[in-house]
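[1] quick one: sequence plus predicted model below, questions after.
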Amino acid sequence: MSGPRMTGLRRVARQAARAGNRGDQEQRCDLCAEPLPTGHPHRHVLQSATGAVSCACRACAVLFDHGTASAGGYRLLPQERRRLDGCRVDDALWAGLGVPVSLAFFTRSGETGEIIAAYPSPLGALRAVVPPDSWQEVEKCHADLPESVTDVRALLVHRARGASEHWLVPLDDCYRLVAVVRAHWKGLDGGPEVWQRVDDFFHELTGP
């Protein structure tokens with residue numbers, strides 16, 4: 001991953017790393033420069049043409065939430081997180097997706113309609129185009145999948161170390177997970193700390 005997409009990922013990663021640090025400089029909306037509330041979550045928008053993710057203040061989030069995205073090509077990232085109970089992707093289907101690890105998220109390109117797999121690594125998010133036939137098989141795993149995976153909402157799958165987690169989440173959640181893996185990965189297999197933090201991340205998805 002490179003260019004604007006990496007810029008967006010780095011921005012969200014920096015926010016995650018700085019959370020809770022009192023000496024941070026004031027954060028501002030990337031769209032209007034309005035100060036963002038300290039200690040409170042804020043929304044993000046995706047510029048579809050470039051893949052860049054930007055911070056949005058309350059006013060800008062409301063603006064784009066009411067369909068005013070066409071002028072600048074921005075889309076407001078959703079907030080809903082939904083666990084797909086009963087969704088199962090077996091080993092054979094996973095291998096067909098072309099993802100060499102057991103933790104990945106999937107989005108649909110707003111430009112081409114292709115399904116893009118991205119998986120966290122010590123270097124950031126690595127990406128690959130998913131074969132259409134394999135993705136059609138994934139869509140059969142849950143009734144909500146065909147219409148729910150977009151450029152702002154991802155299917156997030158955690159199969160590492162016996163886990164079986166399948167979620168529909170906002171794209172910025174995926175970026176935060178990438179930041180967790182990049183910050184805590186050690187050695188060849190990541191080490192116990194990174195996998196504990198990945199487990200904690202998924203536990204927190206069920207929170208308020």
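    Great, that's in hand. Keep in mind it's a predicted model, so treat the numbers as computed, not measured.

[2] what's the local residue count around the residue lying closest to Cys60 once chain neighbours are set aside?
    In space, and not counting its chain neighbours, Cys60 is closest to Leu31: 4.7 Å by C-beta to C-beta, 6 or more residues apart in numbering. Using the backbone N, CA and C atoms, a C-beta is placed for each residue, glycine as well. Neighbours of Leu31 under the rule other C-beta atoms under 10 Å: 18.

[3] roughly how far does Leu31 sit from Arg58?
    From Leu31 across to Arg58, the span is 12 Å (C-beta to C-beta, to the nearest Å).

[4] show me what contacts the residue nearest to Cys60?
    The neighbourhood of Leu31, defined by C-beta atoms under 8 Å, 6 or more residues apart in numbering, consists of 45, 54, 56-57, 60, 74.

[5] most neighbours of all those residues, which one?
    Among the contacts of Leu31, Val45 has the most neighbours (other C-beta under 10 Å), with 28 neighbours.

[6] who's that residue bridged to?
    Ser54, Leu76 (DSSP bridges).

[7] hmm, back to that, from Leu155, how far off is the residue nearest to Cys60?
    Using C-beta to C-beta, one obtains 28 Å as the distance from Leu31 to Leu155.

[8] with Pro131 instead?
    Using C-beta to C-beta, Pro131 is found at 15 Å from Leu155.

[9] so which of these two has more stuff around it?
    Between Pro131 and Leu155, Leu155 has the larger neighbour count (other C-beta under 10 Å), namely 28 against 14.

[10] residues contacting the nearest residue to the more buried one once chain neighbours are set aside?
    Nearest non-adjacent residue to Leu155, counting by C-beta to C-beta, 6+ apart: Phe106, 4.5 Å away. Counting by C-beta under 8 Å, 6+ apart, Phe106 makes contact with 115-118, 130, 135, 138, 149, 154-157.

[11] closest to Leu84 among those residues?
    For these, the residue nearest Leu84 by C-beta to C-beta is Leu155; the value is 7.9 Å.

[12] can you get me the start-to-end distance on stretch 128-135?
    End-to-end distance for stretch 128-135, by C-alpha to C-alpha, to the nearest Å: 13 Å.

[13] quick one: distance of it to the chain centre.
    From the chain centre to the centre of stretch 128-135 is a distance of 18 Å (C-alpha atoms, centre = their mean, to the nearest Å).

[14] ok, and for it, which residues are buried?
    When burial is assessed from 16 or more other C-beta atoms under 10 Å, stretch 128-135 yields the following buried residues: 130, 134-135.

[15] those in strands, which ones?
    Among these, the subset assigned to strands under DSSP state E is empty.
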